[in-house]
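>>> coords below, sequence missing:
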């Protein structure tokens with residue numbers, strides 16, 4: 001990486017200068033090490049600052065697109081008699097445009113890979129999520145098959161893990177989904193593990209193993225405190241498998257495309273009829 005190379009060159013230059021000035025060997029070594037560390041952190045700080053600026057631009061694009069979609073939903077809800085299927089198609093098209101913009105924008109981060117050891121993995125994770133939201137599942141599977149995202153340090157966000165589990169399930173690899181779940185869920189404390197618990201219990205229900213789902217729900221409701229798990233545990237305990245629902249997990253759950261979200265509802269207009 002360039003940051004390490006620059007730091008080494010700076011340290012060598014400093015050591016060479018001190019030796020030319022006939023500074024004591026111990027002092028020269030000390031300042032050589034300090035110089036390397038100082039240069040490394042300085043370069044890292046400057047690079048992180050530039051990366052943050054580009055990432056903020058990406059965030060603004062995503063937030064701006066989401067706000068426009070929210071306004072469309074609000075306008076639809078305030079006008080009775082609208083075509084629900086039409087607004088759903090419009091929202092899906094708008095969402096696709098936003099995700100495509102995000103995916104294209106990640107190309108601007110590529111030059112930073114030579115400066116940061118972890119940048120390549122971060123970019124690949126972002127692309128994975130955008131491709132998943134665009135339903136480009138063949139490309140998602142290709143990224144997951146490469147294996148680079150889930151090697152080394154544990155994934156720090158639950159959504160990429162959930163996406164991997166969802167693709168494993170769709171590719172009929174339930175054992176793989178369970179292995180991914182067990183490996184990562186222990187690192188997501190409190191409510192951060194909610195999506196993974198919800199997905200794994202849903203998989204067990206779909207696989208016809210309601211008892212295994214119920215046992216996991218017992219752990220999930222204690223680990224996360226999420227009421228959805230408490231409700232689902234009660235439903236499965238009372239043999240009401242068909243009532244099992246992860247709707248309470250909201251947009252993150254529907255973002256996995258395993259279930260369709262409910263259609264936006266319109267407000268009913270009430271009025272008092274007058275007689276003349």
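Yep, that arrived. As the structure is a computational prediction, the values presented were derived from the model and not from experiment. Residues are numbered from 1 along each chain as shown.
>>> what's the pLDDT at residue 49?
On pLDDT, residue 49 comes in at 82.
>>> name the SS class of it, please.
Under DSSP: H, G, I helix; E, B strand; the rest coil, residue 49 falls in the helix class.
>>> how far off centre is stretch 193-211?
Centroid displacement of stretch 193-211 relative to its chain, using CA atoms, centre = their mean, to the nearest Å, is 19 Å.
>>> touching it from outside, list them.
Here stretch 193-211 makes contact (CB atoms under 8 Å, 6 or more residues apart in numbering) with 158-159, 161-162, 165-166, 169, 174, 177-178, 181, 184-185, 188, 212-213, 216-217, 219-220, 223-224, 226, 228-229, 232, 236, 241, 244, 246, 249, 252-253, 256, 258. Bear in mind the C-beta positions are built from the backbone N, C-alpha and C, glycine included.
>>> ok, residue 115 touching residue 47?
Yes. Using CB atoms under 8 Å, residue 115 is in contact with residue 47, at 4.5 Å.
>>> quick one on the thing from earlier: restricted to buried residues, select the contacts of stretch 193-211 in ChimeraX.
Here is the ChimeraX selection string for the buried members of these, based on 16 or more other CB atoms under 10 Å:
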select :158,159,161,162,165,166,169,174,177,178,181,184,185,188,212,213,216,217,220,223,224,226,228,229,232,236,244,246,249,253,256,258
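>>> okay, and which of the contacts of stretch 193-211 map to strands?
Among those, no residue falls in strands (DSSP state E).
>>> so for the protein, the centremost residue is which one?
Central residue of the chain (CA atoms, centre = their mean): residue 159, 3.9 Å from the mean position.
>>> name the nearest residue to that one, sequence neighbours excluded.
Distance criterion CB to CB, 6 or more residues apart in numbering; nearest residue to residue 159, sequence neighbours excluded, is residue 129 at 6.4 Å.
>>> tell me which element that neighbour is part of?
helix 119-133 (DSSP states H and E).
>>> helix or strand right after that helix?
From helix 119-133, the next helix or strand downstream (DSSP H and E) is helix 137-146.
>>> other residues contacting the helix holding residue 129?
Residues contacting helix 119-133 (CB under 8 Å, 6+ apart): 51, 95, 99-100, 102-103, 106, 109-110, 112-113, 139-140, 143-144, 148-149, 155, 157, 159-160, 163, 255, 257.
>>> taking the residues you listed one by one, which sit in helices?
Judged by DSSP state H, helices contain the following of those: 51, 95, 99-100, 102-103, 139-140, 143-144, 159-160, 163.
>>> hang on, the earlier thing: give me the buried subset of the contacts of helix 119-133.
Applying 16+ other CB under 10 Å to the contacts of helix 119-133 flags 51, 99, 102-103, 106, 109, 112-113, 139-140, 143-144, 149, 155, 159-160, 163, 255 as buried.
>>> show me what counts as buried in stretch 108-125.
Neighbour-count burial for stretch 108-125 [16+ other CB under 10 Å]: 109, 112, 113, 115, 116, 119, 120, 121, 122, 123, 124, 125.
>>> stretch 127-147 now?
Buried residues in stretch 127-147 (16+ other CB under 10 Å): 127-134, 136-137, 139-141, 143-144.
>>> kindly report the same for stretch 186-205.
Buried-residue list, stretch 186-205, by 16+ other CB under 10 Å: 188, 193-205.
>>> mean confidence (pLDDT) on it, please.
Stretch 186-205 comes out with an average pLDDT of 94.
>>> can you give me the end-to-end distance of it?
22 Å (CA to CA, to the nearest Å).
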